[in-house]
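Q: Here is a sequence together with a model predicted from it:
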Amino acid sequence: MKHNLLASIAICIGIFSTSSAQSSEFVSSGFPQLDEWVKSCKVERPNALGYPGNYASRLDGFYQWYTANNMQNILINNAGDPFAQSGALSSLTFEREVIERFAPLYGFEQDNLWGIVTMSGTDGNNHGIYFGVNYLKKKTGKMPVVYVSDEAHYSNYRLCDVQNLDVQLIKSDEMGRMIADSLEAALDTTRPCLIIYAMGSTFKGAIDNQQELNAVLARHPEIEVYRHVDAALFGGYLPFTQYRYLVNRQQIEYESISISGHKFFGIDSPCGLFLTTREVYDNQASFDIAYLNANMRMISCSRSGVEPLKFWWLLNTVGIEGWSEQASAMMENTAYLVNELRRIGWPCWNNEYSNTVFFRRPSPEIVSKYNLANSYDDRFGGPLSHIVVMQHVRKDIIDQFVKDLQGN
Ligand SMILES: *Cc1c(COP(=O)(O)O)cnc(C)c1O
């Protein structure tokens, strides 16, 4: 009752209008703890430079529509396979459409496609690794060895632990790319190979050189291979840049890919995309579950029905055109940050296709003010920090940051 009243007052005074200025409006919940928390989120958001969230995204229209229909009171659960069924009280039809509409950006063809909206980039990696293991086991009768670089996101290594897999951490070069010779030296030629390509190493923003690494694997035709691409952050913006070939499996072969929805695409809670081929799907162990009347290939039973709707909403409101503009602006602002750091003589580095810039670590005050992420590498003089140039990291905040550095 109280809630509805609040909502109607809010609508009357226009709090939920789509104007971007409205996000500074404050509505009390009646709970001081929640009110404080909301205020701190609004203060910290503009200065969040160290992690890859998109804090310029707008889902106002989505929530207006959703709550105006009181959909917040109906459980929407996508337990099931979006390519096999479309139960009531699910959004599986929309989930499937989302997968089908994103697929061409990554070079998947509609007649050889399977995928889901995941809970996160990690969940997509979990599916990639699990599907890869099952695929290779089915083809060879043997468990694979997993190869992943020591600069790849930690979730990959963690998931190999969860799935109890043998994993080889391969050394990276100084800019963060897996070293091809080290891969070749580590290859176990008696077992299949599940290789994970880092598409955006966590700290330096490197992309493993898939062409070079694929060439190593091609020299060992006796080894059956499955390639999963961990593209949580970069898989979002690369399709909208000149580097789009790097995520296109028509140009650089791979079997599956994971992309986060709450990074570039700007969804307000963790989710993602997992895409693979029908061939991989068809070579999984089948899980026919009678009570669900379904063949459950997904690792989780219940899955969010709301995140696919947000994806669908953004596809139809921001869309290819909007994301292309955002990606260009991000690339421009990344170049601007690099130039500004060079102008003031602050040592910094950046991979050409990457929106991540790493540099000599500033004072703890600056690290904390801008929520920077830190690392350490002797090859670059020791302590480092990085900025991930997402949509909200524009010239004004870069100028402010560089000014703070000069006074440092
Ligand atoms: C963010 C990230 C992850 C983890 O994804 P979540 O969506 O946070 O689970 C994995 N790999 C890379 C390359 C990332 O950037």
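A: Nice, thanks for sending it over.
Q: got the contact list for the residue of the stretch 201-350 of the chain found nearest the ligand?
A: When distances are taken as Cβ to the nearest ligand atom, the stretch 201-350 of the chain approaches the ligand most closely through residue 232, which lies 3.2 Å from it. Using the backbone N, CA and C atoms, a C-beta is placed for each residue, glycine as well. Shown here is residue 232, whose contacts under the criterion Cβ atoms under 8 Å, 6 or more residues apart in numbering are 121, 124-125, 153, 200, 258-260, 263, 272.
Q: Quick check: which element contains residue 387?
A: Taking DSSP states H and E as the criterion, the element that holds residue 387 is strand 382-388.
Q: in the longest helix anywhere in the chain, what's buried?
A: As assigned by DSSP state H, the longest helix anywhere in the chain is helix 319-343. For helix 319-343, burial by neighbour count (16 or more other Cβ atoms under 10 Å) applies to 323, 326-327, 329-331, 333-334, 336-338, 340-341.
Q: repeat for stretch 130-139
A: Buried residues in stretch 130-139, counting neighbours by 16+ other Cβ under 10 Å, are found at 130-137.
Q: ok, residue 341 touching residue 360?
A: No. Residue 341 sits out of contact with residue 360 when judged by Cβ atoms under 8 Å, with a separation of 9.2 Å.
Q: which residues are common contacts for these two?
A: 347-348.
Q: distance between stretch 213-221 and the chain's centre?
A: Centroid separation between stretch 213-221 and its chain, computed with Cα atoms, centre = their mean, to the nearest Å, is 27 Å.
Q: re earlier: just confirm yes or no for the strand holding residue 387 near the ligand.
A: No. Strand 382-388 stays clear of the ligand (Cβ under 6 Å from any ligand atom), getting no nearer than 8.8 Å.
Q: How about that strand, which residues are buried there?
A: In strand 382-388, residues buried by neighbour count (16+ other Cβ under 10 Å) are 384-388.
Q: Closest one of those residues to residue 212?
A: If you rank the buried residues of strand 382-388 by distance to residue 212 using Cβ to Cβ, residue 386 comes first, at 24.6 Å.
Q: Is the residue nearest to that closest one when sequence neighbours are not counted bridged to anything, and to what?
A: Closest residue to residue 386 in three dimensions, ignoring its sequence neighbours and counting by Cβ to Cβ, 6 or more residues apart in numbering: residue 358, at 4.1 Å. In this structure, residue 358 bridges to residue 349, residue 386 when assessed by DSSP bridges.
Q: Turn the buried residues of strand 382-388 into TSV, including pLDDT and distance to residue 149.
A: As requested, the buried residues of strand 382-388 are arranged in TSV below (pLDDT from 0 to 100; distance: Cβ to Cβ, whole Å):
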residue	pLDDT	distance to residue 149
384	98	18
385	98	21
386	98	17
387	97	22
388	97	19
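Q: for these, which one is nearest residue 78?
A: For residue 78, the closest of the buried residues of strand 382-388 turns out to be residue 388, at 29.7 Å, with distances computed as Cβ to Cβ.
Q: which residues does that closest one contact?
A: Under the criterion of Cβ under 8 Å, 6+ apart, the contact list for residue 388 reads 49-52, 205, 233, 355-356, 373.
Q: Distance of it relative to residue 226?
A: 29 Å (Cβ to Cβ, to the nearest Å).
Q: got it, and residue 58?
A: With distances taken as Cβ to Cβ, residue 58 is found 38 Å from residue 226.
Q: who's more crowded, the two?
A: A direct count of neighbours by other Cβ atoms under 10 Å for residue 58 and residue 226 places residue 226 higher, at 26 against 16.
Q: Got the phi and psi for the closest residue to that one other than its chain neighbours?
A: For residue 226, the nearest residue in space outside its immediate sequence neighbours is residue 132; the separation is 3.9 Å by Cβ to Cβ, 6+ apart. Here is the backbone geometry of residue 132 (degrees, to the nearest 10): phi -60, psi -40.
Q: Equivalent analysis for the one 10 residues further on, please.
A: Note on residue 142: backbone dihedrals following degrees, to the nearest 10 are phi -120, psi 150.
Q: who's in contact with the nearest residue to it once chain neighbours are set aside?
A: The spatially closest residue to residue 142, leaving aside those adjacent along the chain, is residue 191, at 5.4 Å (Cβ to Cβ, 6+ apart). By Cβ under 8 Å, 6+ apart, the contact list for residue 191 reads 142-145, 223.
Q: now residue 309
A: Residues near residue 309 by Cβ under 8 Å, 6+ apart: 62, 66, 76, 91, 94.
Q: which one of the residues you listed sits closest to residue 397?
A: Proximity of the contacts of residue 309 to residue 397 (Cβ to Cβ) peaks at residue 62, which lies at 26.2 Å.
Q: what about the closest one, distance to the ligand?
A: Taking Cβ to the nearest ligand atom, to the nearest Å as the criterion, residue 62 is separated from the ligand by 20 Å.
Q: can you pull the buried residues of the one helix or strand that residue maps to?
A: Secondary structure assignment for residue 62, by DSSP H and E: helix 60-68. Residues of helix 60-68 classed as buried by neighbour count (16+ other Cβ under 10 Å): 62-63, 66.
Q: on that earlier part again, could you list which of the buried residues of stretch 130-139 belong to strands?
A: Using DSSP state E, no member of the buried residues of stretch 130-139 falls in strands.
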